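Undergrad: kindly return the folded structure for what I paste below:
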Amino acid sequence: MPDAETKPSASLVEAARLVFLDLKRLHFFKHGATLRLTVEGDRSHLKVSVLRAFPLSAPGRFFSVRDGENNEVGMIGDLAGLIDANRKLVNEELERRYLVPAVKRILTAKERFGTVDWEMETDRGVCKLTTRNLRENVQRPAPGRIILSDVDDNRYDIRNIDELDRNSQQLLFRHL
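TA: You can find the predicted model right below:
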């Protein structure tokens, strides 16, 4: 039997428990650009975000609903169980959150004070972004593919480094 020092506290066990939301009691709605949620018979949340629990391995299942202070309200196992209006709003939130522009060219990259300021041409137009600590903010999901995360947690997908022009490759490798 574990002693008191190794046994997790009741609050820790409670915090680790997954709570799946009753989809029939959920009512998502927008107030301006903010997604809100009322859980029928419980409470309303003035600001919520919906995140994929497994964005790369299971993007269509298991979603965490979080309040404005990033506390988990609960989980949604499958969006198919939501009524159409709720599913539409949640899908819009997911599209906004997980929009990942594909990088076509790197126009400039300048290092200053531990950050790198980039100007890139993407499939959604030219954008400027700043990255910090690239060792922690670069994902390599496949050989030759890089996903950069900027200081605002936006992501930019370089799908194939070999398809970038020579100047873009040089700018990229100089800062990786």
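Undergrad: now the helices for this structure?
TA: Ranges of helices in the chain, per DSSP state H, are 10-16, 84-97, 166-175.
Undergrad: and the residue lying closest to residue 46 once chain neighbours are set aside, how far from residue 44?
TA: The shortest distance from residue 46 to any non-neighbouring residue, by CB to CB, 6 or more residues apart in numbering, is to residue 36 (5.8 Å). (Each C-beta comes from the backbone N, C-alpha and C, glycine too.) From residue 36 across to residue 44, the span is 7 Å (CB to CB, to the nearest Å).
Undergrad: which neighbours does the longest strand along the chain have in its sheet, and in what orientation?
TA: As assigned by DSSP state E, the longest strand anywhere in the chain is strand 103-112. When pairing is defined by DSSP bridges, strand 103-112 lines up against strand 115-122 (antiparallel).
Undergrad: angle of the partner strand against helix 166-175?
TA: In terms of direction (axes from the mean of the first three to the mean of the last three CA atoms, to 10 degrees), strand 115-122 departs from helix 166-175 by 150 degrees.
Undergrad: got any ranges where this protein has weak pLDDT?
TA: 1-16, 56 (pLDDT under 70).
Undergrad: can you list the domains in it?
TA: Using automatic domain parsing, the domain parsing of the chain gives 10-97, 103-175.
Undergrad: next, format the ones you listed as CSV and append mean neighbour count.
TA: Formatted as CSV, these follow (neighbours: other CB atoms under 10 Å):
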stretch, mean neighbour count
domain 10-97, 14
domain 103-175, 14
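Undergrad: mind listing the strands for this protein?
TA: Ranges of strands in the chain, per DSSP E, are 26-31, 34-39, 43-45, 48-52, 61-67, 72-78, 103-112, 115-122, 125-132, 138-142, 145-149, 155-158.
Undergrad: with distance to residue 134 as added columns, please give the helices of the chain in TSV.
TA: Formatted as TSV, the helices of the chain follow (distance: least, CB to CB, whole Å):
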stretch	distance to residue 134
helix 10-16	32
helix 84-97	22
helix 166-175	6
